[in-house]
Structures are given as C-alpha cells and as structure tokens.
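> Turn this into a model:
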Amino acid sequence: MAKYGKWIGGGLGWAFGGPIGGIVGFLIGSVYDSSSKVKQNSRITRQGDFAVSLLVISSVVMKANQKIKKSELDYVKGFLVTNFGEEKAKEALLMLREILQKDVPVEDVCRQLRVNMDIASRLQLMHYLFGIANADGFVDKNEVATIERIAKLMGIREQDFMSVKNMFVKDHDASYKILEISKDASDEEVKKAYRRMAVKYHPDKVAHLGEDVQKAAKEKFQKVVDAYDNIKKERGML
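Okay, here's the model as predicted:
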C-alpha cells in the first residue's frame with residue numbers, strides 16, 4: 001500500500017467494497033488487510049471515496065475513443081494537482097495509468113456509485129467527466145454517449161444530464177437547458193429556475209468531500225450564473 005498510501009490512506013469508506021474496491025485491491029494488494037482502520041460498511045461519501053471513484057470512472061471516458069489522449073491526461077493531472085497537491089497527484093496518476101490497463105465493469109461500478117454517492121456528488125462527477133472529454137477542445141459523440149450511459153446507470157435524470165452537458169456542448173438554447181427550462185418560460189419562471197439550480201449546484205452541496213472538491217464545484221456553479229446572466233441580457237430582464 002505504500003506506493004499509493006498518501007493518496008488513499010485515509011477517509012475511505014464504501015469505496016473499499018464492491019467493484020471499486022476490487023479494482024483498488026488489485027492495484028495495492030490485500031486492501032482489506034492493510035486498511036483495518038477503515039469503516040468498510042460506511043455509506044457516507046468521503047473525500048477519499050470520491051477521489052478513488054473519480055479515477056476509476058475517468059478511465060471509462062478516456063477510453064471512449066479507443067485512444068488515450070495527452071490532453072486528457074494533462075487535464076486530469078491539472079485537476080489533481082490543483083485540488084490535491086503535487087505529491088498526491090503523482091500517486092493518483094500512477095493509479096490511473098494502471099486502471100487504464102484494466103477492463104472496468106462499468107455497470108457494476110456505476111451501480112455502486114448510485115447506491116453510495118449523493119446526487120450532488122454524482123453531478124459534480126459528471127461535470128468532471130465532461131471536463132475530460134473537452135480537454136482537447138471538442139467533445140465528440142462517442143464521449144457524449146459514454147458519459148450519458150454513465151449518467152443513466154448512476155440514476156441521474158435526463159434534465160440533469162442535459163444541464164451539465166450544455167455547460168460544455170452548446171445545444172440550441174443552451175442557457176435555458178442549463179437552467180432546465182424551455183425558451184418559452186416566463187421571466188418569473190426563469191428566476192425561479194435560477195434559484196432552484198443555484199441551490200442544486202451550490203459548492204456547499206459537496207462540502208463534505210473537502211475543500212478541494214468544493215473549489216472545483218465553483219466552476220459548475222459559475223456556469224449556472226452565466227446562463228442566467230445570458231438569459232437576462234437577451235430578455236432585458238432587471
């Protein structure tokens with residue numbers, strides 16, 4: 001476990017069980033024996049759970065086009081360094097490179113995430129996955145299809161998926177889709193939608209995952225603010 005000790009050594013609960021635990025156990029060996037301090041039955045999503053889940057599910061999106069792009073690795077590295085520091089990021093990248101060599105049981109992994117991860121954390125994970133796909137400046141149909149499949153398997157509503165998607169892939173009336181409303185919504189409905197989405201995507205919703213992930217959530221929150229500002233400008237709303 002020493003090789004990845006600083007990365008997954010503390011704060012892990014349910015991620016040590018199920019298919020995710022199996023993948024991590026394959027990488028570090030005897031994971032259950034070397035993690036006696038971990039409450040393996042806990043279903044609370046901790047910072048370590050989110051981080052390990054992020055690595056596992058990242059590999060699925062990165063392999064969507066049958067080719068691992070340098071831009072994607074650079075994006076993941078940048079995210080890890082910014083949010084977890086140089087030392088932990090180095091260990092995480094070593095883990096990711098090994099996970100990329102494995103066939104991840106996508107349905108089983110997503111089922112574990114759906115059961116154990118709250119909706120705010122799952123939405124943050126979706127935002128991160130689109131960030132990987134967009135690392136080269138273009139999200140292609142295979143990447144969108146892969147992320148959409150992950151979203152469905154994780155129990156994310158179609159409206160929520162479309163909201164996050166339109167933060168990266170601008171469909172027609174993207175600002176409205178980010179707020180989960182149609183273009184014919186009244187000004188009052190627009191205001192109510194913004195208030196609802198601001199609560200849903202507020203960084204405090206993932207405060208339990210640590211300050212690092214909370215900082216990353218601010219980007220997603222800002223997209224909601226920008227969408228609302230665009231609509232107000234378009235309509236001349238006060």
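> so where's the protein shaky on pLDDT?
Across the chain, residues meeting the criterion (pLDDT under 70) sit at 1-12, 28-44.
> most residues in a single helix of it, which one?
Longest helix in the chain by number of residues, with DSSP state H as the criterion: helix 211-235.
> outside of that one, which residues touch it?
The contact list for helix 211-235, computed with Cβ atoms under 8 Å, 6 or more residues apart in numbering, reads 47, 50, 79, 82-84, 123-124, 127-128, 164, 167, 174-176, 178-179, 187, 190, 194, 197-198, 201-207, 237-238. Backbone N, C-alpha and C define where each C-beta goes, glycine included.
> and the closest residue to residue 169 other than its chain neighbours, what are its phi and psi?
Distances taken as Cβ to Cβ, 6 or more residues apart in numbering place residue 139 nearest to residue 169, at 5.1 Å, with adjacent residues excluded. Main-chain dihedrals, residue 139, degrees, to the nearest 10: phi -100, psi 110.
> Could you list which residues are in contact with the residue nearest the centre of the chain?
For the chain, the residue nearest the mean C-alpha position is residue 125 (1.2 Å; Cα atoms, centre = their mean). Residues near residue 125 by Cβ under 8 Å, 6+ apart: 50, 53-54, 57, 113, 117, 154.
> Let's see that with 7 Å instead.
Contacts here follow Cβ atoms under 7 Å, 6 or more residues apart in numbering; on that basis residue 125 touches 53-54, 57.
> Can you classify it by secondary structure?
With DSSP: H, G, I helix; E, B strand; the rest coil as the basis, residue 125 sits in helix.
> Distance-wise, check it relative to residue 182.
Computed as Cβ to Cβ, to the nearest Å, the residue 125 to residue 182 distance reads 27 Å.
> Equivalent analysis for residue 76, please.
With distances taken as Cβ to Cβ, residue 76 is found 35 Å from residue 182.
> what about these two, which has more around it?
In this view residue 76 and residue 182 are compared by other Cβ atoms under 10 Å, and residue 76 has more residues nearby, 23 against 11.
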